[in-house]
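Student: below is the sequence, then the predicted model.
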Amino acid sequence: MSRASSALFATLVSAWVSAVAPPAAAEIAGPAFAIDGDTLDVAGRRIRLFGIDAPESDQTCRDAEGAEWACGTAATDRLAALLATGDVVCDARDRDKYGRIVADCSAGGTHINATLVSEGLAWAYARFSMEHVEAEDRARAEKVGIWQGQAEAAWEFRSGGWSAAAAVTDDGSGHEECPIKGNINAKGERIYHTPSSPWYSRTSVNESKGQRWFCDVAEAEAAGWRPVGGTR
């Protein structure tokens, strides 16, 4: 390899490393909106909240009387409300395999990650961090949010509950193994519908217009699609 080629290669590698792996102490601040209960957009950058896992957007839970309630929507709405309380600042901790920045975030001086867990609107994601386990224990003892009745952990809902919904979905499209519909709405927004979405059966996929099918939620979000119902 020539000296010029070596220099070009080194420059490209450096640029790629900078884009893929931000420094652990990188601070991201700016306008923010909620994607779902544990994912947000800050100044155009997709952020996954560190150490927590909130109910999925289309997930429901049970209250103390056994009645169903939209815990996924509640988590998303609470995150949106927190983001509206003041300046949003996120400290990057890592980047996940889907390209999202994993971070601790605050709004108006309130630690968002910890607040969602303490209010029973997210689980402590002990698989990756024990940081919020005590807050989860308190929320469970107080029976708030997801702890007031039965609730399937978000990671189990994704791997089990959603898979069950997908398994019985067959609209004749031939996409049973990759059934998530990536749709582009009239505003040009890229949104996806899982089989349990109330709009799933009414949504079509026109691949000639850039719409597409996805095999799982992570794939859809990594490609830049957001869940239907996500707020800006």
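Tutor: Now that the structure is in, tell me what you want to look at.

Student: only C-alpha atoms for contact and neighbour calcs from this point on.
Tutor: OK.

Student: quick check: what element follows the worst-scoring helix or strand of the chain on mean pLDDT along the chain?
Tutor: Between all helices and strands in the chain, the lowest mean by mean pLDDT, DSSP states H and E belongs to helix 3-20, at a mean of 43. Sequence order places strand 27-29 as the next helix or strand after helix 3-20, per DSSP states H and E.

Student: neighbouring strands for that next one, and are they parallel or not?
Tutor: Strand pairing for strand 27-29, using DSSP bridges, gives strand 88-95 (antiparallel).

Student: ok, then the element right after the partner strand?
Tutor: Next in sequence after strand 88-95, counting helices and strands by DSSP H and E, comes strand 101-107.

Student: who touches that next one?
Tutor: Residues external to strand 101-107 that are found in contact with it (Cα atoms under 8 Å, 6 or more residues apart in numbering): 45-50, 82-96, 111-113.

Student: quick one: buried ones out of these?
Tutor: 46-50, 82-84, 88-95, 111-113 (16 or more other Cα atoms under 10 Å).

Student: helices along the chain, start to end?
Tutor: Along the chain, the segments classed as helices by DSSP state H run 3-20, 71-83, 112-118, 133-142, 154-156, 162-167, 217-222.

Student: what's the least confident stretch among those?
Tutor: Ranked on mean pLDDT, the bottom entry among those is helix 3-20, at a mean of 43.

Student: show the average pLDDT along stretch 97-110.
Tutor: 90.

Student: the spatially most central residue of the chain bridge partners, please.
Tutor: Using Cα atoms, centre = their mean, the residue of the chain that lies closest to the mean C-alpha position is residue 39, 4.0 Å off. Listed by DSSP bridges, the beta-bridge partners for residue 39 are residue 36, residue 48.

Student: if I look at residue 230, what pLDDT would I see?
Tutor: At residue 230, pLDDT is 47.

Student: for the remainder of this discussion, apply numbering that starts at 15.
Tutor: Renumbered: residue one is now 15, and that last one reads residue 244.

Student: could you break the chain into its assigned domains?
Tutor: 17-165, 182-241 (automatic domain parsing).

Student: I'd like these as TSV, with distance to residue 172 appended.
Tutor: Formatted as TSV, the domains of the chain follow (distance: least, Cα to Cα, whole Å):
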stretch	distance to residue 172
domain 17-165	8
domain 182-241	8
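
Student: right, so those: which one is the most enclosed?
Tutor: Comparing those by mean neighbour count (mean count of other Cα atoms under 10 Å), domain 17-165 ranks first with a mean of 19.

Student: chain center to it: distance?
Tutor: Here domain 17-165 is found 7 Å from its chain centre; the criterion is Cα atoms, centre = their mean, to the nearest Å.

Student: alright, calling it a day.
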